[in-house]
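Asker: Can you look at this prediction? I've put the sequence above it.
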Protein chains: 2
Amino acid sequence: MRRSERIALISKTLSENPNKIISLNHFGQWLGAAKSSISEDLDIIKNAYKVSGQGELTTLPGAAGGVRYRTKRSAKQINAFLEDLCNTLQDPKRIIPGGYLYMTDIIFSPEYSGTIGEIFAQLFIDDEPTHVLTVETKGIPIALMTARALNVPMVVARRDSRVTEGPSVGISYVSGSGQKIHNMSLAKRALPENSRVLIVDDFMKAGGTARGMRELVAEFKAQVVGTAMVVTTAEPEKKLVEDFTTLLILEDIDTGKGQIEISINDKLMS
Amino acid sequence: MRRSERIALISKTLSENPNKIISLNHFGQWLGAAKSSISEDLDIIKNAYKVSGQGELTTLPGAAGGVRYRTKRSAKQINAFLEDLCNTLQDPKRIIPGGYLYMTDIIFSPEYSGTIGEIFAQLFIDDEPTHVLTVETKGIPIALMTARALNVPMVVARRDSRVTEGPSVGISYVSGSGQKIHNMSLAKRALPENSRVLIVDDFMKAGGTARGMRELVAEFKAQVVGTAMVVTTAEPEKKLVEDFTTLLILEDIDTGKGQIEISINDKLMS
């Protein structure tokens, strides 16, 4: 196999397996090439990715070593994506009677959720999450894509405990907005003790659900390493959780004028 | 930029955008190369993918033309994946009190759901689905990954209608197993008329939920082009839907002996 053919296959494999360490021997055996040739191939791929802002290749030495691909967007690239997302979401047709914002098509789209998941992974990768947690339903696509980019499992808390998942741990929590009591539960076997959990959801208002997820994580003797939201409302200013990260801020929905005002969180990349 | 660097970037872009037609001009402008050079690059990538069973590159002529990547596994590759999946699922530790099979970790794993989604896409791509439909909750990761591989949107029916999604269409259906009445609804704006819908879910017993989804699709004046399940129980033999495709068949769970018996659907590739 020629170098250019090997490069096509290595590049494909790496980008399909983000944050996974793949040994040079694996590539060598698969492609019938010496380790030194694979090493040269990787230098070419690494450089091509770097100069075109297509992510980062890292070679890790040692017995458990190999090469690892991670998505890595510049602040400028992330900003351009978020500007596009803002413009899409500010379409007045997205106002739902009652003053809600329709964003299901966006968060359920493989393309948007894939990019958002990669951005969340990039923001929290240094905190070394071992699991991504969300609560059903709308957070699932983004949580899955975040888990994919981090190469860790996703776990999903249910609104009720399901008999088909065996023993579970449940909590009750008060939604900040409605002052209603809700339940949330997770199968005991889903989350090991001492896990490092990244909480992900699509939308946060008062933060009651996010706080519920934190309490659930504590019940599993695990640790929350971050809380990532796609959209958070500006009001109420004081949320029930501290230390969360949001991509966008929903400033206002004016149902009378038919206007939606969304801004990019300017503290995101600082 | 050298040919080998261009190939690294083109291969990455194609594999990250399955079933999307990308023009040669796009690559030419991005990578600063003539269309004829890009065309030669694509021949190399195409051949490398082909000889190593890594999917299919097709060049489409005309003004709307370009190059398109699709995952394509051989019957042997699919069989090897399904054998591994069978072995994983037959672990006696997966028996849940009540005689259920725990498979949430598998269907929520980005790696397994990604591969299953690619297989579903491959099986139904010639039926030209325009949307992938599932019902919350457990089918979502596989539906999302199927939608990703097909490059179409995912839509998710809810168990209750949500105020934040605007006007919705709902149906009632009887679950085949429990003889209980359930509800299922979908936002009106989520699915256009004349859509070609691929129904995806993780598990089917009697088929009541799948039939409910079919009825919901009919309410939208759309058309079902296929129904794809990961696991279907052998009993009851007669399901409430005809013409479904399943990867695996759950033959038996013997809670006394602690044994799970799962087989590969041998009609899958025929």
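Answerer: On my side now, so go ahead. These numbers come from a predicted model, not from an experiment. Numbering: from 1, shown residues only, chains lettered A, B, ... in the order given.
Asker: Mind listing what's buried along the strand or helix carrying residue A:169?
Answerer: For residue A:169, the host element (DSSP states H and E) is strand A:168-174. Neighbour counts over strand A:168-174 (16 or more other C-beta atoms under 10 Å in any protein chain shown) mark A:168-169, A:171, A:173 as buried. Every C-beta, even on glycine, is put in place using the N, C-alpha and C of the backbone.
Asker: Listing partners with orientation, what would you give for it?
Answerer: Strand A:168-174 has the following strand partners under DSSP bridges: strand A:181-187 (antiparallel).
Asker: ok, residue A:97 touching residue B:166?
Answerer: Yes: Residue A:97 is in contact with residue B:166 according to C-beta atoms under 8 Å; the separation is 6.6 Å.
Asker: Those two: who's more crowded?
Answerer: Just comparing residue A:97 and residue B:166: by other C-beta atoms under 10 Å in any protein chain shown the higher neighbour count belongs to residue B:166, 19 against 9.
Asker: Pop the domain breakdown of chain A in here.
Answerer: Split into domains by automatic domain parsing, chain A comes to A:3-70, A:75-264.
Asker: Could you dump those domains into JSON lines with mean pLDDT added?
Answerer: Below are the domains of chain A laid out as JSON lines (pLDDT from 0 to 100):
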{"stretch": "domain A:3-70", "mean pLDDT": "97"}
{"stretch": "domain A:75-264", "mean pLDDT": "95"}
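Asker: I'd guess residue A:211 is in a helix, am I close?
Answerer: Yes: counting by DSSP: H, G, I helix; E, B strand; the rest coil, residue A:211 falls inside a helix.
Asker: before we move on, the earlier item: need the buried residues of strand A:168-174 in CSV (columns: distance to residue B:205).
Answerer: Output for these, formatted as CSV (distance: C-beta to C-beta, whole Å):
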residue, distance to residue B:205
A:168, 21
A:169, 27
A:171, 30
A:173, 32
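Asker: and which of these is nearest residue B:14?
Answerer: Taking C-beta to C-beta as the measure, residue B:14 lies nearest residue A:168 of the buried residues of strand A:168-174, at 42.1 Å.
Asker: pretty sure that closest one is in contact with residue A:187, am I right?
Answerer: Yes: between residue A:168 and residue A:187 there is a contact at 5.0 Å, judged by C-beta under 8 Å.
Asker: and the nearest residue to residue A:107 once chain neighbours are set aside, what element?
Answerer: Leaving aside its sequence neighbours, residue A:107 sits nearest to residue A:202 (C-beta to C-beta, 6 or more residues apart in numbering or on different chains; 4.8 Å). Assessed by DSSP H and E, residue A:202 sits inside strand A:196-204.
Asker: now residue A:147
Answerer: Per DSSP H and E: residue A:147 is located in helix A:140-150.
Asker: Would you mark the buried spots in that helix?
Answerer: A:140-150.
Asker: now for it, which elements pack on it?
Answerer: Applying 3 or more C-beta pairs under 8 Å, 6 or more residues apart in numbering or on different chains; DSSP states H and E, we find helix A:140-150 packed against helix A:110-124, strand A:131-135, strand A:154-157, strand A:196-204, helix B:110-124, helix B:140-150.
Asker: Might you report the residue contacts of residue A:213?
Answerer: With contacts taken as C-beta atoms under 8 Å, 6 or more residues apart in numbering or on different chains, residue A:213 has the following neighbours: A:133-135, A:157, A:184, A:199, A:201, A:227.
Asker: just residue A:135 next, same as before
Answerer: A:156-159, A:184, A:201, A:209, A:212-213.
Asker: Take the residues you listed and lay them out in TSV including distance to residue B:119.
Answerer: Listed next are the contacts of residue A:135 as TSV, based on distance: C-beta to C-beta, whole Å:
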residue	distance to residue B:119
A:156	22
A:157	28
A:158	27
A:159	30
A:184	33
A:201	30
A:209	34
A:212	36
A:213	32
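Asker: Show me which of the residues you listed are buried.
Answerer: Of these, these count as buried by 16+ other C-beta under 10 Å: A:156-158, A:184, A:201, A:209, A:212-213.
Asker: in chain A, which spans are helices?
Answerer: Using DSSP state H, the helices of chain A run over A:3-16, A:24-31, A:35-51, A:75-89, A:104-107, A:110-124, A:140-150, A:208-219.
Asker: any residue of the fourth one up close to chain B?
Answerer: No: applying C-beta under 8 Å from any C-beta of the partner chain, one finds that helix A:75-89 is not in contact with chain B, the shortest distance being 13.6 Å.
Asker: Could you check the angle that helix makes with helix A:110-124?
Answerer: 140 degrees (axes from the mean of the first three to the mean of the last three C-alpha atoms, to 10 degrees).
Asker: Dump helix A:75-89 to PDB, restricted to CA.
Answerer: Extracted in PDB, the C-alpha atoms of helix A:75-89 (Å, rounded to 0.1, in the frame of the first residue of the first chain):
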ATOM      1  CA  ALA A  75     -12.100  30.600  19.600                       C
ATOM      2  CA  LYS A  76     -12.800  32.100  16.200                       C
ATOM      3  CA  GLN A  77     -14.200  28.900  14.800                       C
ATOM      4  CA  ILE A  78     -16.400  28.400  17.900                       C
ATOM      5  CA  ASN A  79     -17.600  31.900  17.700                       C
ATOM      6  CA  ALA A  80     -18.600  31.500  14.000                       C
ATOM      7  CA  PHE A  81     -20.600  28.400  14.800                       C
ATOM      8  CA  LEU A  82     -22.300  30.100  17.700                       C
ATOM      9  CA  GLU A  83     -23.200  33.100  15.600                       C
ATOM     10  CA  ASP A  84     -24.800  30.900  13.000                       C
ATOM     11  CA  LEU A  85     -26.700  29.000  15.800                       C
ATOM     12  CA  CYS A  86     -27.900  32.300  17.300                       C
ATOM     13  CA  ASN A  87     -29.200  33.500  13.900                       C
ATOM     14  CA  THR A  88     -31.000  30.200  13.300                       C
ATOM     15  CA  LEU A  89     -32.600  30.200  16.800                       C
END
